[in-house]
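Enquirer: Coordinates for the following, if possible.
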Amino acid sequence: MITKLNSRFNETTPVITFGGASLSGEGGGYGFGEMSEKNAEKLIHAAFDHGITLFDTAPIYGFGLSEERLGRYLPKKAQVVSKSGVDWHESKRVNMSNAPEVTEKMLHQSLKRLQREQIDFYMVHWPDSRVDIRVPLEVLKTAQAEGKIKHIGLCNTNLIDLKRASEICEIDAIQSELNLFNQMPFDSLDRQWEDKFSMGWGTFDKGILSGRVKADRKFNPEDCRSWAPWWNKKEVLLKVERTQRLAQILSEFDLSLSAFCIHYNLNYYGLSTCLIGFKSPSDILEVVSNLQTNISKEKIEEVLGLWNKTRS
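Expert: Presented below is the predicted three-dimensional model:
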């Protein structure tokens with residue numbers, strides 16, 4: 001089932017969200033390999049046609065290209081998530097700032113690229129140690145009153161910022177990394193995310209948990225995994241090895257890696273939606289079909305128990 005009733009909004013919301021970093025392509029910035037304009041159009045239409053109605057993006061994805069492509073090809077009845085805080089200079093040197101003037105500028109730039117008068121979910125992308133979270137939220141609260149934002153959210157946040165944010169406005173959505181290798185971002189929020197629209201990025205840990213990242217895989221220059229400091233090759237190799245062990249265990253239960261990862265986030269951990277960076281229409285078909293697989297919490301715990309026993 002691609003949607004479920006969300007009690008916070010009293011409406012159905014998608015359990016799978018399109019991860020717009022996959023649209024970055026030749027634009028550079030944070031992206032995951034080549035994506036032609038024609039393929040981007042096909043991918044957006046395929047996702048929407050299969051019932052995926054929420055599309056996540058950010059200005060740093062392709063230095064604006066992801067937002068522009070969604071603006072050109074995404075039906076207006078689909079919902080969009082975008083973010084402020086990760087800006088860049090003309091030289092494309094990244095500048096992370098939650099200063100109010102940056103927040104306001106980025107919001108209006110995103111509205112223009114997305115060709116929309118309102119963004120459904122607008123989030124502060126990352127905490128900024130130099131700026132109190134309440135400062136950019138004052139800007140977003142004003143924009144919300146003006147109808148430019150429907151829901152305000154925090155991305156990659158922490159418990160202190162979440163509590164401070166409540167002094168300024170209602171936080172409807174929380175987005176952080178969540179996958180089988182990393183639950184810390186949500187665990188550190190002390191369950192305060194449970195009454196929000198909770199969005200988990202990194203469902204397949206940048207491709208590792210899909211099984212497509214092999215020890216000898218090479219990435220082209222348009223793929224941030226070819227140069228990003230967080231793509232630590234030693235850590236990646238350890239994760240690849242553990243993923244292979246998990247795949248072997250899952251094969252005994254006739255389950256796929258992708259199905260298990262999705263059900264772990266949604267049905268075991270309890271998130272509202274999983275962000276997935278699709279690269280082809282066949283990826284979308286695979287994920288949608290995985291939602292029809294029934295994996296009980298007991299079965300997930302059994303698999304996790306067997307997997308943890310293989311930890312070296």
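Enquirer: going forward, measure contacts and count neighbours with C-alpha atoms only.
Expert: Noted.
Enquirer: shaky segments in the stretch 201-312 of the chain?
Expert: 312 (pLDDT under 70).
Enquirer: Which stretches in the chain count as helices?
Expert: 37-49, 65-73, 100-114, 134-145, 159-165, 184-187, 233-252, 257-263, 281-290, 297-309 (DSSP state H).
Enquirer: can I get the ones you listed in JSON lines with distance to Trp126?
Expert: Shown next, in JSON lines, are the helices of the chain (distance: least, CA to CA, whole Å):
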{"stretch": "helix 37-49", "distance to Trp126": "26"}
{"stretch": "helix 65-73", "distance to Trp126": "18"}
{"stretch": "helix 100-114", "distance to Trp126": "12"}
{"stretch": "helix 134-145", "distance to Trp126": "12"}
{"stretch": "helix 159-165", "distance to Trp126": "11"}
{"stretch": "helix 184-187", "distance to Trp126": "12"}
{"stretch": "helix 233-252", "distance to Trp126": "23"}
{"stretch": "helix 257-263", "distance to Trp126": "24"}
{"stretch": "helix 281-290", "distance to Trp126": "28"}
{"stretch": "helix 297-309", "distance to Trp126": "31"}
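Enquirer: Can you add mean neighbour count and give the ones you listed back as TSV?
Expert: Supplementary listing: the helices of the chain in TSV, determined by neighbours: other CA atoms under 10 Å:
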stretch	mean neighbour count
helix 37-49	17
helix 65-73	22
helix 100-114	18
helix 134-145	18
helix 159-165	16
helix 184-187	16
helix 233-252	16
helix 257-263	22
helix 281-290	16
helix 297-309	13
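Enquirer: out of those, nearest to Lys83?
Expert: Of all those, helix 100-114 sits nearest to Lys83, with 7.6 Å by CA to CA.
Enquirer: Can you tell me what sits against that closest one?
Expert: With contacts defined as CA atoms under 8 Å, 6 or more residues apart in numbering, helix 100-114 is touched by 59, 64, 67-72, 82-85, 87, 117-119, 135-136, 139-140.
Enquirer: same deal with stretch 205-216?
Expert: 179, 181, 203-204, 236-237, 239-240, 243-244, 247, 257-258, 261.
Enquirer: and what of stretch 168-184?
Expert: 121, 134, 137-138, 141, 151-157, 165, 185-186, 193, 196-205, 261, 264-265.
Enquirer: From these, list the buried ones, please.
Expert: 121, 134, 137, 141, 151-157, 165, 185-186, 193, 196-205, 261, 264-265 (16 or more other CA atoms under 10 Å).
Enquirer: Grab the CA positions of stretch 290-310 and hand them over as PDB.
Expert: The C-alpha coordinates for stretch 290-310 follow below in PDB (Å, rounded to 0.1, in the frame of the first residue of the first chain):
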ATOM      1  CA  ASN A 290       8.100  -4.600  -2.100                       C
ATOM      2  CA  LEU A 291       5.300  -2.800  -0.200                       C
ATOM      3  CA  GLN A 292       3.000  -5.800  -0.900                       C
ATOM      4  CA  THR A 293       5.400  -8.100   1.000                       C
ATOM      5  CA  ASN A 294       4.300  -8.800   4.500                       C
ATOM      6  CA  ILE A 295       7.100  -8.900   7.000                       C
ATOM      7  CA  SER A 296       6.100  -9.100  10.600                       C
ATOM      8  CA  LYS A 297       8.000  -7.400  13.500                       C
ATOM      9  CA  GLU A 298       8.800 -10.900  14.800                       C
ATOM     10  CA  LYS A 299      10.300 -11.900  11.500                       C
ATOM     11  CA  ILE A 300      12.400  -8.700  11.400                       C
ATOM     12  CA  GLU A 301      13.700  -9.400  14.900                       C
ATOM     13  CA  GLU A 302      14.500 -12.900  13.900                       C
ATOM     14  CA  VAL A 303      16.600 -11.800  10.900                       C
ATOM     15  CA  LEU A 304      18.300  -9.100  12.900                       C
ATOM     16  CA  GLY A 305      19.200 -11.600  15.600                       C
ATOM     17  CA  LEU A 306      20.800 -13.900  13.000                       C
ATOM     18  CA  TRP A 307      22.600 -11.000  11.300                       C
ATOM     19  CA  ASN A 308      24.000  -9.600  14.600                       C
ATOM     20  CA  LYS A 309      25.500 -13.000  15.300                       C
ATOM     21  CA  THR A 310      27.600 -12.700  12.200                       C
END
